[in-house]
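Undergrad: Would you be able to build a 3D model of this:
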Amino acid sequence: MNMREIEHKIFIQHSENLVSESSYDDSIIRAVCTALQSEAVDKLCVVNVLITDDKGIREYNREYRDVDKTTDVLSFPMQTFLNSGWDGLREPEFDEDTGEIPLGDIVISLESVKKQAVEYGNSIEYETAYLIIHSALHLLGYDHDNEINEKAMHNKNKTIIETMGLKPRHSEGV
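TA: Numbering: from 1, shown residues only. Presented below is the predicted three-dimensional model:
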C-alpha cells in the first residue's frame, strides 16, 4: 500500500473550557500524521488527542502516573513495541470492529504550550507541533529514558518538525 493512500484517523477533543481553541486542530493533525509518515507507518492507525489546560493535565498526570504536578503533554500508548519505531512493533493489536490499529492517546495542555512558546521564543504553532510529535513518537515506542535515547528522540523530533516547514525562532530549538 502506498503511504499517500493511508489517511490515519486523528480525533481531537477539547476540554469544556477550551472549545473555542479549535484553531490548533489542523496543526495537531498534521503533526501526528507527519510523525507517522516519518516512520513509514503502513497500516491505518487511530490517535486520540485531548486538548486541556494545566489543571486538566495535572489530573491526568496524578491519576495515571501518580505524579501530582502539571506537565505539557502525556502519551498513553496502546501498542507494544520491542524497539522504538514502527519496525519495532511486536504484533499490532487491531480493533476487531474496524480493522484499524488504535495507536494511543495524547493529552496536551494548551496553557503550558502557550507559556513555553513565550519562554522559548517560539510560535504557538511550533510549540504545539513539537510537543505533539514528541508524544506521537512515544506512541511509536520511542523513549528518553537515558541520554542516548533522549538525543535520538530529540533529533527525530527536530527532523520531523523541519519536514513540516516549522523552525524555532531561535537557533537552539526547544
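
Undergrad: hey, let's count contacts and neighbours off CA atoms from now on
TA: Noted.

Undergrad: Would you quantify the distance from Arg169 to Glu59?
TA: According to CA to CA, to the nearest Å, Arg169 stands 32 Å off from Glu59.

Undergrad: Kindly report the same for Ser112.
TA: Between Ser112 and Glu59 the computed distance is 14 Å (CA to CA).

Undergrad: Please identify which of those two sits among more neighbours.
TA: Using other CA atoms under 10 Å, the more surrounded residue of Ser112 and Glu59 is Ser112, with 20 against 16.

Undergrad: Now that one: closest residue in space, sequence neighbours ignored.
TA: Asp72 (5.3 Å; CA to CA, 6 or more residues apart in numbering).

Undergrad: Now do the same contact list for the one you found.
TA: Taking CA atoms under 8 Å, 6 or more residues apart in numbering, we find Asp72 in contact with Asp54, Ile57, Ile108, Ser109, Leu110, Ser112, Val113, Leu131.

Undergrad: If we ignore the residues flanking it in sequence, what's nearest Leu140?
TA: Closest residue to Leu140 apart from its sequence neighbours, by CA to CA, 6+ apart: Gly85 at 5.3 Å.

Undergrad: Was I right to think that neighbour contacts Glu39?
TA: Yes: assessed by CA atoms under 8 Å, Gly85 is found in contact with Glu39 at 6.3 Å.

Undergrad: re earlier: of the contacts of Asp72, closest to Thr34?
TA: Distance to Thr34 across those (CA to CA) is lowest for Leu131, with 13.0 Å.

Undergrad: Tell me how far the closest one lies from Leu44.
TA: Counting by CA to CA, the gap from Leu131 to Leu44 is 22 Å.

Undergrad: Okay then, goodbye and thanks.
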